[in-house]
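A.B. asks: Give me a model of this one.
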Amino acid sequence: MAEQIPFSIVEKVLISLGSSVVQKLGSMYGVRKELKKLAETLGTLKAILLDAEEHLEKSYAVKDWVKRMKEVVYDVDDLLDDFATYRLRRGGPARKVSHFFSSSNQVAFRFQISGRIDDIKEALDDIKKDIFLLNAVPRSTIHPRGKIIERKTHSSPSRSISLGQRTVKKEQIIDLLVLPKNENVFIVAILGIGGLGKTTLAQFVFNDDRVKKHFEPRRWVCVSDDDSVERFGENMLLKKMANSKDSQSLLLEELKNEFHREISQKKYLVVLDDVWNNQSENWERVRTLLEVGARGSKILVTTRNTEVSFMGSNAFPIKLEPLNVDESWRLFSEVTFGGQENTVNPEIIRVGREIVNMCNGVPLIINTLGRALMQFQSDLSKWLSIQKNENLFSLPYGTDDVLRVLKLSYDNLPTHLKQCFTYCALFPKDYEIEKKSLVQLWIAQGYIQSPNKNELLEDIGDLYFKELLSSSLLEEVKKDDFNNILSCKMHDLIHDLAQSIVGSEVLVVRNDESNISRETRHIALMFDMKAIMETKAMVGKHIRSFLNLYPNVLEDTIILNSFLPSVMSLRVLRLDDFKIKRVPKCLGKLSHLRYLDLSNNHFVTLPNSISRLKNLQTLKLQYCKILKKFPKNMRELINLTHLENNGCSGLTHMPHGMGKLTSLQSLPLFVVGNGTGRLRNHKVGSLSELESLDHLRGSLCIKNLQNARDVKVESTRSILETKTYLESLRLEWEQSDQDMGDKDGDKWVMEGLQPNPQLKELFIKGYGAKEFPSWMMNDHELAFRLSNLAYLSELYIDECFNLESLHLPPSLSKLEIRNCNKLASLKPPSSSSLSILEIHNCSNLASLELPSSSPLSELVINDCTNLAFLKWHSSHGLSE
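C.D. replies: Model prediction:
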């Protein structure tokens, strides 16, 4: 494999070349004809890309042609990006043409652009001449944007089905772990070829209630072949099991002492997932490390090795066998037809059974092919093409090499998903990938396009993600309380598949790599950055992604100052957790940059040069705790969509002009400055800056509301009411001990902060008035006015010292009240949906009455010393 056609970049380039903006700029610089010629040539090449892809594995000539074509396409993308960026920095297309050509810089830029176009045109002409060598047939390649194929989905049956077929094995393993008669067994090893479900079975065991009750602590360690560079053994395990990022910097002996303190004389369970090493001496060191626990402690191992003698004499093997024919078909039928095969064409059923029989009982292959065919339930020709595929015919029984079969699922992906999928190879095996960040990275690379300006790229990216999830090419890991997917992983074999497709284009660096290929475009660092920089291996390479995934310390910016100018094509730069004390000014020269992550660093300010990054879409500054302020020209980041500043506890205010960043979707923290004038010659943005940010979604915390004036003075409307996509809102006042009296002004501020009806979660902290604003009050026993918040399910109230009464919405399922010393009584409405109620340190609370219809399942009352009346009903099914 090892070559991938950049379908998404080709589409992006063609859209750019056809846009009116580029055509106008082409006329201004006298290169319109040349750009039109480029578009025509690329359009011709695009038409044969699908056919060329089918010949990639069989023809070196096709592979070489694709390599050359890919390099030129990336050059065109850089050219058009430079073109557009230069226009933005010069003030946009509104400037007069005479102004554009009045500067010597304009002339120089024109000559530079013309020269680059000539070079690209010459290279494309050579590539076009060689088309005949491919014997390729022109075909439509790209699925129309906005018309994404919706796959029929079922409620993730594969895991439950796999468990059903492995129940006997699961019970056997649990018996070996917890029964006293098996205390002499120290290691239980699940053996089997890749794709049989070893990890899934281990997860079910690990999370079984009997196992949870029997072992404390329990630790899960993914070993995998990626760690061969560190050698399986004591050192690697200690680093994997370190409790925090700070632990990574400890010496080996310190790590050992920390770990031994955790497990010493305790009955622990350690799972070592995906172990490859079979060296007895390494296992002896591991056993020595772990033998400090109490009697009955266990190690559960998953491995592709076929025997366990090297693990020691008290290791017990559990061998997983492939599924039998009936089990295989049940799994395939559930995945593909939702168990409703009686509604499917009998001929498709017949072909499907033959396909399943060729899968040799490997659940991963059955599941992946089933999901690939899910969308073609009435297309017999697609089923026949899979059935006749030579990769299925050549799959020997019990082989560990299933990539060729898994690639059938990749081959059937729409072209717009292929680069999104293979980009995930940038993350190491078993890495938990944040879903939101992944979509942002896809957008930064240009993999997501939309001809509809009203359709957000993030929404399209969410659909792409769901398609990859439903194809089993990604696996869901975590969800939030609102059922939104937070993170995902790739199965090891799926990761191998992605890496085999992209080859050297994606590189995970694990040592002082000095031989980085010219074709490498995306790099993830799993090694000390200083060592990599000293090799200068990235100089002269057209790197588009650089992600640091390793604990690095770069307090001195000299290394960054020498590194950044060598990677001018970067779209993505992740330098989180580097302990950077000063952000280098040269960052502002990375004109192509779309995604910048500087989270968990130690700088106080950002350089003003950041505002030159006109293409920047995502700026992550999470937990930069001593960051005090943003650059005063932040409003010039006109494409900024995500400003992720949660955890920036040192921020004193927001800059004036933030409201001009109307594309913002993420702004977790808004700090109200002390006054609306100047703060050390730095204009302070007022609360009304939020008024125009109607695309905000997710969570928003407005902090230091004690500094806000009456919002209705600053704004003609409620500044939050139009924020349709906000799910969680946190409103915070900071009250000093000397200022605990009634703060009627807080009520007037909050009157102007009425949220949108779609809000699901509301936090209120430090509010100083006696009662909440009108939009949170009952109206003479009429319907609760928070019908405005019909979807509100969780309400948290803390340190509202003067609050005397509280009215609750019927939609509320969770209520938590803390430190409200004047709250005297509480009575949820009769139609309440309340299931969780927590009340802490409300010393004046005397009466609590719970309605009989409430489905309350959890009640916590703590330090409410004056509570004299508590009414509840036997109908409450309290579990805690």
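
A.B. asks: make it CA atoms for all contacts and neighbour counts henceforth
C.D. replies: Fine.

A.B. asks: longest helix of the protein?
C.D. replies: Residue-count comparison of every helix in the chain, with assignments taken from DSSP state H, identifies helix 60-89 as the longest.

A.B. asks: What residues sit buried inside that helix?
C.D. replies: Applying a neighbour-count criterion of 16 or more other CA atoms under 10 Å, the buried positions in helix 60-89 are 62-63, 65-66, 69-81, 83-88.

A.B. asks: ranges for the strands of the stretch 751-880 of the chain?
C.D. replies: Using DSSP state E, counting those that start in this stretch, the strands assigned to the stretch 751-880 of the chain run over residues 761-765, 794-798, 814-818, 825-826, 836-840, 847-849, 858-862, 869-871.

A.B. asks: In TSV: those, plus mean neighbour count and distance to Tyr423.
C.D. replies: TSV is the format used below for the strands of the stretch 751-880 of the chain (neighbours: other CA atoms under 10 Å; distance: least, CA to CA, whole Å):
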stretch	mean neighbour count	distance to Tyr423
strand 761-765	20	34
strand 794-798	20	37
strand 814-818	19	40
strand 825-826	17	53
strand 836-840	18	42
strand 847-849	16	55
strand 858-862	13	44
strand 869-871	11	57
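
A.B. asks: Quick one: residues contacting Leu134.
C.D. replies: By CA atoms under 8 Å, 6 or more residues apart in numbering, Leu134 lies in contact with Ala52, Ala61, Val62.

A.B. asks: now swap in Cys488 and tell me
C.D. replies: Residues near Cys488 by CA under 8 Å, 6+ apart: Glu432, Ile433, Glu434, Lys435, Leu474, Glu475, Glu476, Val477, Lys478.

A.B. asks: and the angle for the helix or strand encompassing Thr41 with helix 60-89?
C.D. replies: Taking DSSP states H and E as the criterion, Thr41 maps to helix 32-46. Orientation note: helix 32-46 sits at an angle of 140 degrees relative to helix 60-89 (axes from the mean of the first three to the mean of the last three CA atoms, to 10 degrees).

A.B. asks: Low-confidence ranges, the stretch 251-400 of the chain, go.
C.D. replies: By pLDDT under 70, the weakly predicted segments of the stretch 251-400 of the chain are 251, 390-400.

A.B. asks: Next secondary structure element downstream of the lowest-mean-pLDDT helix or strand in the chain?
C.D. replies: Lowest by mean pLDDT, DSSP states H and E among the helices and strands of the chain is helix 97-100, with a mean of 41. Heading C-terminal from helix 97-100, the first helix or strand you meet, by DSSP H and E, is helix 104-129.

A.B. asks: So which other helices or strands are in contact with that next one?
C.D. replies: In this structure, helix 104-129 packs against helix 32-46, helix 60-89, with contacts taken as 3 or more CA pairs under 8 Å, 6 or more residues apart in numbering; DSSP states H and E.

A.B. asks: what angle do the shortest one and helix 104-129 make?
C.D. replies: Here helix 32-46 runs at 30 degrees with respect to helix 104-129, directions being taken by the same axes, to 10 degrees.

A.B. asks: and His656, backbone torsions?
C.D. replies: His656 adopts backbone torsions of phi -60, psi 140, taken as degrees, to the nearest 10.

A.B. asks: Can you tell me, leaving aside adjacent residues, what's nearest to it?
C.D. replies: Nearest non-adjacent residue to His656, counting by CA to CA, 6 or more residues apart in numbering: Gly685, 3.8 Å away.

A.B. asks: Now do Leu549, the pLDDT please.
C.D. replies: We note a pLDDT of 87 for Leu549 in this prediction.

A.B. asks: I figured it was touching Met526, is that so?
C.D. replies: Yes: counting by CA atoms under 8 Å, Leu549 touches Met526, with 5.5 Å between them.
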